[in-house]
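Participant: below is the structure, and that's it, no one-letter string:
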């Protein structure tokens with residue numbers, strides 16, 4: 001039995017119009033899928049398949065947490081994910097994925113949804129993945145400051161730069177107002 005056999009869905013011989021599946025995605029699943037975004041997490045996925053003539057509509061409801069590296073300090077960060085996605089599949093001559101409909105070869109008659117589960121989780125992740133203010137690894141943020149890397153405004157700073165006087169040329173620009 002292969003690593004992702006339990007994620008195979010037989011389309012050709014489907015006996016009912018609706019099929020419900022539940023999956024618990026854990027560290028083993030994420031390690032096996034070998035995705036680049038993250039390797040650990042605990043996610044519950046409910047998948048409902050509706051068959052309508054020659055079209056198969058999948059609805060994925062995904063909720064849980066994944067562990068990703070913080071964009072600022074690279075320490076582990078637990079991120080909540082919750083999403084509902086759809087996938088439309090039909091049988092055809094050869095495999096094709098044009099964005100709207102995935103075509104599965106009729107000779108195969110099945111689709112493996114493991115990669116789609118992973119991709120939907122990745123799409124649910126926020127663009128900016130950082131710890132709450134003050135929670136980043138202080139050693140790493142100290143090194144970033146030492147080497148001149150910019151730290152986001154929401155990260156507290158121990159420097160006295162905020163108290164330094166502003167160059168008068170820049171100060172006068174603050175008073176310019178644009179009338180439309």
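Facilitator: Received it, and whenever you're ready, just let me know what you need. Bear in mind that the values here come from a model prediction, so they are computed numbers and not experimental data.

Participant: where along this protein do the strands fall?
Facilitator: Secondary structure of the chain (DSSP state E): strands at 8-10, 18-25, 40-52, 55-69, 76-92, 96-97, 102-105, 110-112.

Participant: so, low pLDDT: which residues of the protein?
Facilitator: Applying pLDDT under 70 to the chain flags the ranges 1, 148-163, 177-180.

Participant: could you chop it up by domain?
Facilitator: The chain breaks down into these domains under automatic domain parsing: 5-124, 138-173.

Participant: run a quick neighbour tally on the closest residue to residue 45 other than its chain neighbours.
Facilitator: Counting by Cβ to Cβ, 6 or more residues apart in numbering, the nearest residue to residue 45 once its immediate chain neighbours are dropped is residue 23, at 4.4 Å. C-beta here means a position set from N, CA and C on the backbone, and glycine is covered the same way. By the criterion of other Cβ atoms under 10 Å, residue 23 has 18 neighbours.

Participant: how about residue 59?
Facilitator: Neighbour count of residue 59, defined by other Cβ under 10 Å: 14.

Participant: what does the one 4 residues further on give?
Facilitator: Taking other Cβ under 10 Å as the neighbour definition, residue 63 ends up with a count of 14.

Participant: for the nearest residue to it once chain neighbours are set aside, give its distance to residue 175.
Facilitator: Closest residue to residue 63 apart from its sequence neighbours, by Cβ to Cβ, 6+ apart: residue 82 at 4.7 Å. Going from residue 82 to residue 175 by Cβ to Cβ, to the nearest Å gives 46 Å.

Participant: looking at the two, which is more packed in?
Facilitator: residue 82 (11 against 6).

Participant: residue 125 is in contact with that one, correct?
Facilitator: No - counting by Cβ atoms under 8 Å, residue 82 stays clear of residue 125, with 11.1 Å between them.

Participant: what touches both of these two?
Facilitator: Counting by Cβ atoms under 8 Å, 6 or more residues apart in numbering, no residue touches both residue 82 and residue 125.

Participant: understood, closing this out.
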